[in-house]
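1. Just need the structure, nothing else, for what follows:
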Amino acid sequence: LTPEFGMGMDGVLKTRAHDLSGILNGIDTQVWNPATDPAIATYTTPRGKAKAKAALRAEFALAEADGPLTVVVSRLSEQKGLDALLAALPALIDHGGQLALLGTGHKALESAWRAAASHPNVSVHIGYDEARSHRMIAGADAILVPSRFEPCGLTQLYGLRYGTLPVVARTGGLADTVIDANPVALASGVATGIQFYPVS
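-> Numbers count the residues shown, from 1 in each chain. Coordinates of the predicted model:
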């Protein structure tokens with residue numbers, strides 16, 4: 001209903017706002033079930049997260065570290081905010097973080113992410129592998145979803161299912177499905193992740 005996201009139809013949609021409703025995406029909870037997932041034989045309960053994390057570091061050739069292990073499973077595009085994340089990568093690394101990325105997309109971003117993988121705390125796999133994405137989401141501390149716009153998104157929902165903190169841009173379905181860890185949500189015990197804005 002805004003000029004930013006209305007794509008020229010925001011005026012018409014505003015006049016019909018009372019007729020509009022949204023339907024969130026959902027995930028297949030049988031396929032994305034950490035208790036039965038054949039891709040992550042490292043654990044069947046949340047207590048096994050440390051084993052999954054160690055296995056993920058080994059798979060991505062990342063050394064043991066004290067900071068958070070973050071992952072991205074995404075199409076590599078500006079819509080998905082992967083250029084902004086690339087720019088923020090030095091700050092993540094300087095604070096002890098690690099990043100494992102799985103994705104494919106714009107060739108310039110693929111090349112830039114390959115170059116970023118020269119750092120020992122960054123590992124990049126260009127392409128897509130369903131089983132690997134399960135292992136990544138299972139073993140990570142946080143899944144990063146910095147999309148500039150996102151009608152809904154699924155990876156943040158996978159993260160929630162696997163006990164992996166979603167760190168998402170406050171936009172569209174990301175804002176609808178992740179409850180920001182603000183003081184009120186924390187005090188109420190309902191926070192499920194971290195939202196940020198703007199994507200910068």
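2. Go through the helix ranked longest in the chain and flag the buried ones.
-> Of all segments of type helix in the chain, defined using DSSP state H, the longest is helix 82-94. Neighbour-count burial for helix 82-94, counted by 16 or more other CB atoms under 10 Å, picks out Leu82, Asp83, Ala84, Leu85, Leu86, Leu89, Leu92, Ile93. (Each C-beta comes from the backbone N, C-alpha and C, glycine too.)
3. could the residues you listed go into a markdown table alongside distance to Asp129?
-> Formatted as a markdown table, the buried residues of helix 82-94 follow (distance: CB to CB, whole Å):
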| residue | distance to Asp129 |
| --- | --- |
| Leu82 | 18 |
| Asp83 | 23 |
| Ala84 | 25 |
| Leu85 | 20 |
| Leu86 | 21 |
| Leu89 | 22 |
| Leu92 | 23 |
| Ile93 | 24 |
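4. what about the helices in the protein?
-> Counting by DSSP H, the helices of the chain are 3-6, 10-15, 49-59, 82-94, 107-116, 130-139, 155-161, 172-177, 183-188.
5. closest one to Gln30 among these?
-> Minimum separation from Gln30 across those (CB to CB) falls at helix 155-161, 11.2 Å.
6. From the chain's centroid, how far away is that closest one?
-> Relative to its chain's centre, helix 155-161 lies at 8 Å (CA atoms, centre = their mean, to the nearest Å).
7. Quick one: list the elements packing against it.
-> The helices and strands touching helix 155-161, judged by 3 or more CB pairs under 8 Å, 6 or more residues apart in numbering; DSSP states H and E, are strand 69-76, helix 130-139, strand 142-145, strand 165-169, helix 172-177.
8. related to what we said a few turns ago, let me know the angle separating the longest helix of the chain from strand 165-169.
-> 130 degrees (axes from the mean of the first three to the mean of the last three CA atoms, to 10 degrees).
9. Glu110: which of the buried residues of helix 82-94 is nearest?
-> Of all the buried residues of helix 82-94, the one sitting nearest Glu110 is Leu82; the distance, using CB to CB, is 9.7 Å.
10. Find the nearest non-adjacent residue to that closest one, please.
-> Among residues not flanking Leu82 along the chain, Leu76 sits closest, at 5.0 Å (CB to CB, 6 or more residues apart in numbering).
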